[in-house]
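**Q** Output the structure for:
(one chain, ligands or ions: 1)
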Amino acid sequence: MCGIFAVVNDPDHHAAQTTLDGLKKLEYRGYDSWGIAVVEHKNGTLAIEKHIGKIGGATTALPAGDIAIGHTRWATHGGVTDGNAHPHVDCSGRIVVIHNGIVENYQELKQMLLRRHHRFTSETDTEVIAHLIEDRVKSESVETAVLGVFKNLAGSNAIVVLDAKTNTIVACRNGSPLAAGVGKGQFFLASDVTPFLKFTRDVVFLADGEAVILTATKLRLLDIKTGKDKRLTPRRLDWKLEDAEKGGYPHFLLKEIMDQVTTVPKTALINRNEIAHVARRLERADRIVFTACGTASYCALAATYFFSGVGRETKSYGAYEYTPFSGFAGKKTVLFAISQSGETADTLIAARNAKARGAYVVAVVNARGSALERLADTTLPVGSGPEIAVVSTKAFTSQLATMYLVSRACTGNYARAVREVQDLGKTLRRWQTKKLRHDVLDLAKTLMNQEDIYIVGKHVSYPAALEVALKIKESSYIHAEPFAAGELKHGVLTLIQKGTPCIAIGANDETRLELLSSAAELRARGGTIIGITPFTSAEFDVTVKTPDAGPLTIIPNVIVGQLLGYYLGIGRGTDPDKPRNLAKSVTVK
Ligand code: F6R
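**A** Residues are numbered from 1 along each chain as shown. Predicted coordinates:
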């Protein structure tokens, strides 16, 4: 939700251009409008440019300067207009602000500021921040003013404030992500590290309650509550710049789908000690809970099947529905919070609730330095590298592989599971070829004009059905509805008519015959049946054959769904990297 970027001591003295390039990497976080503010080199005044629409092809004519901030917006308060785009400036033109989050008490703050005759030029909650700081800098340093104002903002927020008078940037975090990059003589700030990877891999991830002050000579880390300096220890990331580039593919989404031939097996090489530690905790646990949102929640559901395969009963909850059940958490609960970003508000709330009741929290995350990682007792990073497309793909399959490894570690079968995941990597490499892409493209062509697609799966193929449906919905905007195969007879069959496309997802397991019975029932009502399975069958009109990888067959099955969503989206003219109305990281409730 909203992307933030800032640079101090721009390497080329064109801070606005660097900011524009940085924001283009953050567009996945919000893409209804964008804006940049730069302190003009010539005269030290602020120059601001703001536009509605996507930033992808944008250029900037802003003047040369060494310090700038920029923002790409996912609207919450105030419509999508140039005026509501960030940055927002105070009445004097000295203070300019960008913001990610929601100032929940902005109405009362705005009324108070209006009584003091401040002039507002937008309908946003953000603008109050600029005016509040404006009042305080009359008698305080900008650092003190920003920290003082931030403490009075209700809600989850990250703000970045540029003071044109002192050429200082002050940024504060409470609930929305912020990372500072420490380059050679330059400093950067961004919502995630991808926009500054080109300049530095040395990063300070801000925790909630921390602020940074960036000037031409120094980067300081502060505790917002006390105002005292904290030790600044940047950590070096192993992410490479190429990980955040399209690598010759037309879209990040396709690149990330294809990346899975390496990201899945890589998952098996990390977390060995951590998984052993978690497995020991699980031995003592009387309750094992998985929680997550969206795609990650389907990994949570798949994990319940992985664990039942090793004789453990577990529960999965959408994090947004966990509150009524959090009371059951206790000292012998292990809660796995699964999240690509580690910043999803609902997942964080669920993890905090369980932890407050004594539960042991395991974060299964992809992005590093997140709030979830900080609050967890153990973190299992899934290591799939930066995921730029809004639609989650490679993080999901690495989460699945991780949860499979954890489940097998519980019965002493970790080493074997590692081999299985690595073998799957080799199989994916042989299978995920141009031919597969052509086959799925051909299938997509037949489905392009459909309004509804139904998808069924059973047992571990049920979360696969949920995920494939979500991929199709997000990428192509076609209504795709998933069902547990067993549910069909209980009402859903009324929806099937001649030619209705039905996808049957299955594995070579105990569900095979039941899935085929469901396919036959759908076919008998006129449905056109597409099998995504490691086997062929006379019940299928079309089959996309996937490799048989035992319980891990869910991974290649979902990859077919990812590709299908992608090609359907291309065919229907959507932007596969940035589906409408969505943002990659949902940091508000
Ligand atoms: C779907 C998708 C979302 C996320 C969900 C949780 O493609 O990306 O459904 O999975 O918003 O996000 P994380 O995993 O960052 O907690």
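**Q** Wait, Gly181 touches Thr200, no?
**A** Yes: here Gly181 reaches Thr200: they are 4.6 Å apart, a contact under Cβ atoms under 8 Å. Yep, even glycine has a C-beta here, placed from its N, CA and C like the rest.
**Q** ok and the residue in the stretch 1-150 of the chain nearest the ligand?
**A** Here the residue of the stretch 1-150 of the chain nearest the ligand is Tyr28; by Cβ to the nearest ligand atom that distance is 9.9 Å.
**Q** so that residue, which of the three states?
**A** Following DSSP: H, G, I helix; E, B strand; the rest coil, Tyr28 is assigned to helix.
**Q** I'd like to know how many residues surround it.
**A** A total of 25 residues lie near Tyr28 under the criterion other Cβ atoms under 10 Å.
**Q** again with the one 10 residues further on
**A** Close neighbours of Val38, defined as other Cβ under 10 Å, add up to 31.
**Q** cool, the one 5 residues further on as well?
**A** When neighbours are counted by other Cβ under 10 Å, Asn43 registers 8.
**Q** Find me the pLDDT at it, would you?
**A** Asn43 is assigned a pLDDT of 88 by the prediction.
**Q** out of everything not next to it in sequence, what's closest to the residue of the stretch 101-250 of the chain found nearest the ligand?
**A** Nearest residue of the stretch 101-250 of the chain to the ligand: Pro177, at 10.6 Å (Cβ to the nearest ligand atom). Among residues not flanking Pro177 along the chain, Glu343 sits closest, at 5.0 Å (Cβ to Cβ, 6 or more residues apart in numbering).
**Q** Same check on Asn271?
**A** In this structure, Asn271 finds its nearest non-sequential neighbour in Leu380, 4.9 Å apart by Cβ to Cβ, 6+ apart.
**Q** Check whether the helix or strand where the one you found lies comes into contact with the ligand.
**A** Assessed by DSSP states H and E, Leu380 sits inside strand 378-381. No: Strand 378-381 lies out of reach of the ligand by Cβ under 6 Å from any ligand atom, never closer than 13.1 Å.
**Q** next SSE after that strand?
**A** helix 394-409.
**Q** ok, back up a step: looking at Gly181 and Thr200, which is more packed in?
**A** Gly181 (26 against 19).
**Q** which SS class is the more buried one?
**A** strand.
**Q** Name all residues that make contact with it.
**A** 187-190, 193, 196, 199-200, 202-203 (Cβ atoms under 8 Å, 6 or more residues apart in numbering).
**Q** among these, which are in reach of the ligand?
**A** Of those, not one also sits near the ligand (Cβ under 6 Å from any ligand atom).
**Q** can those go into a markdown table with extra columns for pLDDT?
**A** Formatted as a markdown table, the contacts of Gly181 follow (pLDDT from 0 to 100):
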| residue | pLDDT |
| --- | --- |
| Phe187 | 97 |
| Phe188 | 97 |
| Leu189 | 97 |
| Ala190 | 96 |
| Val193 | 90 |
| Phe196 | 93 |
| Phe199 | 93 |
| Thr200 | 94 |
| Asp202 | 95 |
| Val203 | 95 |
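**Q** Of the residues you listed, grab the buried ones for PyMOL.
**A** A single PyMOL command selects the buried members of the contacts of Gly181 (16 or more other Cβ atoms under 10 Å):
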select buried, resi 187+188+189+190+193+196+199+200+202+203
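**Q** quick revisit: didn't the residue of the stretch 101-250 of the chain closest to the ligand look like it was pressed against Leu189?
**A** No: counting by Cβ under 8 Å, Leu189 is not a contact partner of Pro177; they are 10.8 Å apart.
**Q** burial of the residue nearest to Asn271, as a residue count?
**A** 25.
**Q** Kindly report the same for Lys578.
**A** Counted by other Cβ under 10 Å, the residues lying close to Lys578 total 23.
**Q** for Gly327, same thing?
**A** The burial count for Gly327: 10, using other Cβ under 10 Å.
**Q** just checking, it touches Arg357?
**A** Yes: counting by Cβ under 8 Å, Gly327 does reach Arg357; the two are 7.3 Å apart.
**Q** can you pull out the helices in the stretch 151-300 of the chain?
**A** Assigned by DSSP state H, counting those that start in this stretch, the helices in the stretch 151-300 of the chain fall at 252-258, 260-267, 272-284, 294-308.
**Q** What residues does this structure have near the ligand?
**A** Going by Cβ under 6 Å from any ligand atom, the residues of the chain near the ligand are 293-296, 339-341, 344, 347, 391-392, 470, 474, 585-586.
**Q** List buried members of the residues you listed by neighbour count.
**A** By neighbour count, with 16+ other Cβ under 10 Å, the residues of the chain next to the ligand hold 293-296, 339-341, 344, 347, 391-392, 470, 474, 585-586 as buried.
**Q** who does the strand holding Leu380 touch, helix- and strand-wise?
**A** If contacts are counted by 3 or more Cβ pairs under 8 Å, 6 or more residues apart in numbering; DSSP states H and E, strand 378-381 sits against helix 272-284, strand 360-365.
**Q** Out of those, which is the most enclosed?
**A** Burial of the helices and strands packed on strand 378-381 is given as mean neighbour count (mean count of other Cβ atoms under 10 Å); strand 360-365 ranks first at a mean of 26.
**Q** what helices or strands is it leaning on?
**A** Applying 3+ Cβ pairs under 8 Å, 6+ apart, we find strand 360-365 packed against helix 272-284, strand 333-339, helix 345-356, helix 371-375, strand 378-381, helix 394-409.
**Q** could the ones you listed be laid out in JSON lines, adding distance to Ala464 and mean pLDDT?
**A** What follows is the helices and strands packed on strand 360-365, written out as JSON lines (distance: least, Cβ to Cβ, whole Å; pLDDT from 0 to 100):
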{"stretch": "helix 272-284", "distance to Ala464": "23", "mean pLDDT": "97"}
{"stretch": "strand 333-339", "distance to Ala464": "16", "mean pLDDT": "98"}
{"stretch": "helix 345-356", "distance to Ala464": "21", "mean pLDDT": "96"}
{"stretch": "helix 371-375", "distance to Ala464": "25", "mean pLDDT": "93"}
{"stretch": "strand 378-381", "distance to Ala464": "22", "mean pLDDT": "97"}
{"stretch": "helix 394-409", "distance to Ala464": "10", "mean pLDDT": "98"}
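**Q** Let's have the ones you listed in TSV, adding distance to Pro11.
**A** Putting these into TSV (distance: least, Cβ to Cβ, whole Å) gives the following:
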stretch	distance to Pro11
helix 272-284	38
strand 333-339	34
helix 345-356	35
helix 371-375	30
strand 378-381	30
helix 394-409	31
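**Q** Figure out which of those is closest to Glu49.
**A** helix 345-356 (30.6 Å; Cβ to Cβ).
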